[in-house]
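Asker: Predicted coordinates and the sequence they were generated for:
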Amino acid sequence: MREQYPAEIVELKWQKYWEENKTYAASPDKTKPKFYCLEMFPYPSGKIHMGHVRNYSIGDVIARYKRMRGFNVLHPIGFDAFGMPAENAAIDHGIQPAEWTEKNIEAMKVQLKRLGYSYDWEREVATCRPDYYRWGQWLFLRFYEKGLVYRKKATVNWCPACATVLAREQVEDGGCWRCDSEIQLKELEHWFFKITDYAEELLRDCEEKLPAGWPRKVLTMQKNWIGKSKGVEVNFRVSGENIDLPIFTTRPDTIFGVTFMVLAPESPLLERLTAGVANREAILAYADKLRHQDKISRAAADTKKEGMFIGRYAVNPLTGEEIPIYIANFVVMEYGTGAIMAVPAHDQRDFEFAEKYEIPIKIVIQNPELKLNAETLESAYVAEGVLVNSGDFNGQNNLSAIEKISEYIENKGLGQRTVQYRLRDWGISRQRYWGNPIPIIYCEKCGVVPVPDADLPVILPTNLKITGKGGSPLAGSEEFINTTCPKCGAPAKRESETMDTFVDSSWYFARYVSPHDESNPFNTEDANYWLPVDQYIGGVEHAVMHLLYARFFSKVMRDLGLLKADEPFANLLTQGMVIKDGAKMSKSKGNTVDPGRIIEDYGADAARLFILFAAPPEKELDCSDKGVEGSIRFINRVWRLVALNLERLKAASTDYEPNKLSPSGLRVHQKVHWAIDKVTRDIENNFHFNTAISAFMELVNELYSVDPGHESEWACYKNALLTLITMMAPFTPHLSSELWSIMEQPGAVLEQDWPQADQQALVKNELTIVVQVNSKVRTKLVVSADIEQGELKRLALANERVRIYTKGEEPVKIIVVPNKLVNIVL
RNA sequence: GCCGGGGUGGCGAAAUCGGUAGACGCAACGGACUUAAAAUCCGUCGGAGCUAGCCUCUGUGCGGGUUCAACUCCCGCCCCCGGCACCA
């Protein structure tokens, strides 16, 4: 046997064995307790990166650990295979996106297999294959029937580089989430998913169902994104006209302080309101200018507020006061009613606007500590206070006045309490080729006609020329676009746009439960056994995109009767980013680390161990240190432990009586059980694999420090080694499998039960007690574990080093912490 | 501005309930083996001090506090990372 772990030979051998024996296929036996372990599936770029290695190594330890714990584990993998890069490759190199993608999938599968992950490859899905996207279309149609899909003209975010629309979640700092190009705004007919119908439930479950298993950070991000505000919709009326001007406010307590109103420049009321106004043309032209102001900068809080009086007044329904109506850039049409009541004294935005246009400021909430004066006010007063200038409500605390005034408004029929969400409907149309075709047909006579189920899938043609010019490639394909109306049979045209790829990834976790089902997106019975996913693992960058969409889909699929689970992912682990030299890895920065190189140089187990040991999963991981050296060194240390004693180990039994061991043998025995206990707890609580691995290292250090003599010590030693190898199996499956087999152990190490710590062995019979004098450590005593407190005190006081510090003084008190310390206070 | 998470050696990080701060590893340094190197093994490794001891003092972003005892709890700050942000 070699003295070094021959990584490549051993790893390839076991990978072949696992593949041939389908070792990791989930069992169809639904009576067993299940565990569904899922990692976010990759985009098939063709090469895995360190982020993948981290994500999938974490998932693999969990899956293998749960398997050893007796669960029926489902651990699938697939490819999120639609999307821009394939199209770009087509444009740049003339290769068909389908071909390019399948090639990349093949290349990535080789790499994933080379890392030895325990995937059930029989269940692989790729979203770009018709047997998958067919069911995405099918779901679209069910959503459509439920009224959860609609088409409307809307201002949408347009990425000029990707030549497509983006959902709001996909815009980051005014740029495209994928390519960073500056977003433009366009008016387009667009398909939407009505995610807002589920806003309330999506929000509620952030508080009810998910907190036990999701990181608080992600829940907060989702809650902020949904952005629920409770308030009142109040009807203002245009002075002298029969026109209602409803506004939404969360601050009805300030309603007596309204001194003007503002409409969004997009407001459809503007036409009517300005009818007959002298400078109407100028106003409409100005509104037009505001509308075309760059939306990104318009939306920024630090943009200068600007607006214009539109020559009309509204009446405050509570005071009867006439107030001027403005249009301004800081009011957006998409939120609330697209109009606001402005209270400059108590809202900073309104304050800035009022100052600029010299609109009166009226204080209605007085600071109880420092009297406010409208003349000298330098910014809006937004804190708590007492109502003034507010008629019957004077003298009330403003927080309770919110309730009282809301009630008053409702009672008088002036408006009603409502709830507003920041969440908008999800725009899913993409003007791209490499995506799932939207299964809709446009007929001159019948209008919008859904493709009948029997005609699914709408196949994405794979023989198009992708040039990147002139709009959606599908629109240019006569063969694709021309069809007949399923209703009347007349010539009709297909929808030429495809779905956002986030649609494809919103339900893939369900497809894995029955990936080959040819009559349903997935089998309901299988889904009800396997779902929800017990552990989902992926990057935090999907906190409000993928994870929100998938939750939405899951709830709709439940309401369609396709599955029972309310939430798709019971537990979520968001791993930290992999960085290099303190910066995010990227090709443009040239600071990438290629996992392929590490595997080549050190092997898969070393790569896995390194990435798991470097930091706890949720933390950022810097790849720049030379930690891989350490992990291969450790693997070789374990290897040699067997290699150097192989014959003796094979000959040894594993039966021994702990209380008949020599002191060093007993130390090994205790260390093993300490390690079992520690590793188990580290995995169970928060997956702290780094400290679990450090426990392996400590155990190995212990094994190197002893020299077994007689038979029972060898038995103890062998048992310790086998336990170590067993516990390491989820982390280093190749090494463990090989050592298990070399030691001629029956069966496979990966099928062993997870070891159990013997509580007896965890109990120490000797303890080291710290002795402090005035809270400073002065000495340590090694005592028998069952020592009496009085005896311990006596020993401590009698100790020579202690006496140097007590100098004969009588202690004020002596604190004894059982099994830990004695503190003598003078 | 609001919300969330952080701040511990040269570095990555440990530290159940408030009870020995720095486990485990990386790097570095010294030594053994070797003709030499690699590999391996042994040792040192937060800072300061001299009397060189299993010593003393000091040390977990800063300033206070509670406590016999604080990385840990409380109050007030500073800094870093992530998210949201004219959302009425």
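Answerer: Looks like it came in fine.
Asker: So what are the structural domains in chain A, by residue number?
Answerer: Domain ranges of chain A: A:137-194+A:425-502, A:228-421, A:642-762, A:766-825, per automatic domain parsing.
Asker: And those: which comes nearest residue A:118?
Answerer: Of all the domains of chain A, domain A:642-762 sits nearest to residue A:118, with 7.4 Å by C-beta to C-beta. All C-beta spots, glycine's among them, are computed from the backbone N, C-alpha and C.
Asker: what about the closest one, distance to the chain center?
Answerer: The chain centre lies 36 Å from the centre of domain A:642-762; the measure is C-alpha atoms, centre = their mean, to the nearest Å.
Asker: picking up where we left off before, list just the one of the domains of chain A that sits closest to residue A:530.
Answerer: Closest among the domains of chain A, using C-beta to C-beta: domain A:137-194+A:425-502, at 18.3 Å.
Asker: sec struct for residue A:740, please.
Answerer: helix (DSSP: H, G, I helix; E, B strand; the rest coil).
Asker: For the residue nearest to it when sequence neighbours are not counted, grab the count of nearby residues.
Answerer: Distance criterion C-beta to C-beta, 6 or more residues apart in numbering; nearest residue to residue A:740, sequence neighbours excluded, is residue A:749 at 3.7 Å. With neighbours defined by other C-beta atoms under 10 Å, the count for residue A:749 comes to 22.
Asker: how much space between residue A:749 and residue A:734?
Answerer: Residue A:749 is 10 Å from residue A:734, where distance means C-beta to C-beta, to the nearest Å.
Asker: Mind putting the domains of chain A into a markdown table with mean pLDDT?
Answerer: What follows is the domains of chain A, written out as a markdown table (pLDDT from 0 to 100):
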| stretch | mean pLDDT |
| --- | --- |
| domain A:137-194+A:425-502 | 88 |
| domain A:228-421 | 89 |
| domain A:642-762 | 93 |
| domain A:766-825 | 86 |
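Asker: my read: residue A:283 touches residue A:325, true?
Answerer: No - Residue A:283 lies out of contact with residue A:325 (C-beta atoms under 8 Å); the separation is 10.6 Å.
Asker: before we move on, the earlier item: thought the residue nearest to residue A:740 was touching residue A:736?
Answerer: Yes - at 4.8 Å, residue A:749 and residue A:736 qualify as touching, with contact defined as C-beta under 8 Å.
Asker: hey, what's in contact with both of those two?
Answerer: Common contacts of residue A:749 and residue A:736 (C-beta atoms under 8 Å, 6 or more residues apart in numbering): A:725-726, A:729.
Asker: okay, now the residue of the stretch 501-650 of chain A at minimum distance from RNA strand B: neighbour count?
Answerer: Residue nearest to RNA strand B within the stretch 501-650 of chain A (C-beta to the nearest atom of the strand): residue A:630, separated by 2.7 Å. Neighbourhood size, residue A:630 [other C-beta under 10 Å]: 16.
Asker: who touches it in this structure?
Answerer: A:610, A:613.
Asker: rewinding a little: and the residue nearest to residue A:740, how far is that from residue A:113?
Answerer: Counting by C-beta to C-beta - residue A:749 and residue A:113 are separated by 19 Å.
Asker: Residue A:617 too?
Answerer: The value you get for residue A:617 to residue A:113, if C-beta to C-beta is used, is 23 Å.
Asker: the more surrounded of the two?
Answerer: The neighbour comparison of residue A:617 against residue A:113 (other C-beta under 10 Å) goes to residue A:617, with 23 against 17.
Asker: Pretty sure the more buried one sits against residue A:572.
Answerer: No - counting by C-beta under 8 Å, residue A:617 does not reach residue A:572; the two are 11.7 Å apart.
Asker: Name the residues contacting each of those two.
Answerer: Contacts common to residue A:617 and residue A:572, judged by C-beta under 8 Å, 6+ apart, are residue A:537.
Asker: Next, the contact list for the spatially closest residue to residue A:817 that is not a sequence neighbour, please.
Answerer: Ranked by C-beta to C-beta, 6+ apart and with sequence neighbours excluded, the top spatial neighbour of residue A:817 is residue A:823, at 7.8 Å. Residues in contact with residue A:823 (C-beta under 8 Å, 6+ apart) are A:772-775, A:814-817.
Asker: got the residues you listed as JSON lines, with secondary structure and neighbour count columns?
Answerer: Below are the contacts of residue A:823 laid out as JSON lines (DSSP: H, G, I helix; E, B strand; the rest coil; neighbours: other C-beta atoms under 10 Å):
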{"residue": "A:772", "secondary structure": "strand", "neighbour count": "18"}
{"residue": "A:773", "secondary structure": "strand", "neighbour count": "25"}
{"residue": "A:774", "secondary structure": "coil", "neighbour count": "13"}
{"residue": "A:775", "secondary structure": "coil", "neighbour count": "10"}
{"residue": "A:814", "secondary structure": "strand", "neighbour count": "14"}
{"residue": "A:815", "secondary structure": "strand", "neighbour count": "13"}
{"residue": "A:816", "secondary structure": "strand", "neighbour count": "16"}
{"residue": "A:817", "secondary structure": "strand", "neighbour count": "10"}
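Asker: when you check RNA strand B, which of these turn up near it?
Answerer: Counting by C-beta under 7 Å from any atom of the strand, A:772, A:774-775, A:815, A:817 from those sit close to RNA strand B.
Asker: Excluding chain neighbours, give the residue nearest to residue A:552 in space.
Answerer: Of all residues not flanking residue A:552 in the chain, residue A:195 sits nearest, at 4.9 Å (C-beta to C-beta, 6+ apart).
Asker: Residue A:737 contacts residue A:729, correct?
Answerer: Yes - judged on C-beta under 8 Å, residue A:737 makes contact with residue A:729 at a distance of 7.3 Å.
Asker: interface residues of the stretch 201-350 of chain A facing RNA strand B?
Answerer: So far as C-beta under 7 Å from any atom of the strand goes, the stretch 201-350 of chain A lies against RNA strand B at A:216-217, A:220-221, A:224-225, A:227, A:229, A:231, A:248-251, A:264, A:298-301, A:303-305, A:329-336, A:338, A:340-341, A:347, A:349.
Asker: among those, which are in strands?
Answerer: Applying DSSP state E to those, the entries found in strands are A:229, A:231, A:248-249, A:340-341.
Asker: which residues are contacting the one helix or strand residue A:525 maps to?
Answerer: Assessed by DSSP states H and E, residue A:525 sits inside helix A:524-530. Contacting residues not belonging to helix A:524-530 are listed as A:30, A:34, A:36, A:74, A:510, A:512-514, A:561-565 [C-beta under 8 Å, 6+ apart].
Asker: Tell me which stretches of the stretch 351-500 of chain A form strands.
Answerer: Applying DSSP state E, counting those that start in this stretch to the stretch 351-500 of chain A gives strands spanning A:365-366, A:386-387, A:415-421, A:426-427, A:429-430, A:436-437, A:440-443, A:447-450, A:482-484, A:491-494, A:498-499.
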